[in-house]
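Asker: After the sequence you'll find the predicted model.
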Amino acid sequence: MLVATMQLDNRIFGLDAQILLQVLFQAVSIFIIFMFASKLLLDPVRKILEERKQRVLNEQAEAASNLEEAKRYKDEYDVKLKEIDKTAEQILSDARTKALKREDEIVADAKIEADRIIDAAHAEAELEKKRVKDEVKQEMISVASLMSEKIVAASIDADKQNALIEQTLEEIGDDTWLS
């Protein structure tokens, strides 16, 4: 047997049924180990990667949504700013209009007050004129009384009396009565 074993040993690579069965058994074992390792190790990794991919997609969608919302808020803000500018301009315009109206009212009131003061001054001048006239009349009455005393004292007749009255009236003059 030694010879037979030696003959077998002279071969470099001997393919017999046992080696083929061992190779087949090792291949099936490696495949089972690979499947088991794939289920045990690769599935959780795939699951983690898929979750991460989904989270990234969700964050991108949320970012796009936030961007759209920010654009919408910006547009609303711009519209509100324009409305505020219009409102401010309207308020300023109303204030200017009210100020001009108030200015016109003040000027009208001042004119009315000036007219009232002028009328009061005219009335006061008229009163002063009347007072002066009354004083002149009083003066004439006193002159007339003095004249009548003189007439009575002189016992003159009616013609002389009329002449004296005419002379007195001429001395006083028409201007005194008209002013």
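Answerer: Done, it's in. Model, not experiment: these values are computed from the prediction.
Asker: now Gln54: how far from Asp43?
Answerer: Counting by C-beta to C-beta, to the nearest Å, the gap between Gln54 and Asp43 amounts to 16 Å. C-beta here means a position set from N, CA and C on the backbone, and glycine is covered the same way.
Asker: Phi first, then psi, for Leu67.
Answerer: Comment: the main-chain dihedrals of Leu67 come out as phi -60, psi -40, following degrees, to the nearest 10.
Asker: For the residue nearest the centre of the chain, give its distance to Lys71.
Answerer: Using C-alpha atoms, centre = their mean, the residue of the chain that lies closest to the mean C-alpha position is Ala88, 3.5 Å off. Applying C-beta to C-beta, the value for Ala88 to Lys71 is 26 Å.
Asker: try Ala110
Answerer: Ala110 is 58 Å from Lys71, where distance means C-beta to C-beta.
Asker: now do Leu92
Answerer: Taking C-beta to C-beta as the measure, Leu92 falls 32 Å from Lys71.
Asker: How about Leu81?
Answerer: The gap separating Leu81 from Lys71 is 15 Å, by C-beta to C-beta.
Asker: low-confidence ranges in the chain?
Answerer: Counting by pLDDT under 70, the low-confidence segments of the chain come to 1-14, 151-156, 173-179.
Asker: show me where it has helices.
Answerer: Counting by DSSP state H, the chain has these helices, from start to end: 2-9, 17-37, 43-154, 158-172, 174-178.
Asker: Pull the number of nearby residues for the residue lying closest to Met140 once chain neighbours are set aside.
Answerer: The spatially closest residue to Met140, leaving aside those adjacent along the chain, is Ile172, at 6.5 Å (C-beta to C-beta, 6 or more residues apart in numbering). The local packing count at Ile172 equals 13, with neighbours defined by other C-beta atoms under 10 Å.
Asker: Distance check, Met147 against Asn162.
Answerer: In this view, Met147 and Asn162 are 11 Å apart by C-beta to C-beta.
Asker: These two: which has the busier surroundings?
Answerer: Legend: neighbour count by other C-beta under 10 Å for Met147 and Asn162, higher for Met147 (16 against 10).
Asker: Check the spacing between the more buried one and Arg55 real quick.
Answerer: 133 Å.
Asker: burial of Ala144, as a residue count?
Answerer: Ala144: 15 neighbours (other C-beta under 10 Å).
Asker: My guess is it contacts Leu169. True?
Answerer: No: taking C-beta atoms under 8 Å as the definition, Ala144 is not a contact partner of Leu169, at 9.9 Å.
Asker: mind listing what's buried in stretch 98-109?
Answerer: Using 16 or more other C-beta atoms under 10 Å as the test for burial, stretch 98-109 gives no buried residues.
Asker: then that stretch to CSV, C-alphas only?
Answerer: Below are the C-alpha coordinates for stretch 98-109, written out as CSV (Å, rounded to 0.1, in the frame of the first residue of the first chain):
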residue,chain,number,x,y,z
LYS,A,98,-56.6,119.8,7.8
ALA,A,99,-53.7,122.2,8.4
LEU,A,100,-54.6,124.3,5.3
LYS,A,101,-58.3,124.2,6.3
ARG,A,102,-57.4,125.3,9.8
GLU,A,103,-55.1,128.1,8.4
ASP,A,104,-58.0,129.3,6.3
GLU,A,105,-60.3,129.3,9.4
ILE,A,106,-57.7,131.2,11.4
VAL,A,107,-57.3,133.8,8.6
ALA,A,108,-61.1,134.1,8.3
ASP,A,109,-61.4,134.5,12.1
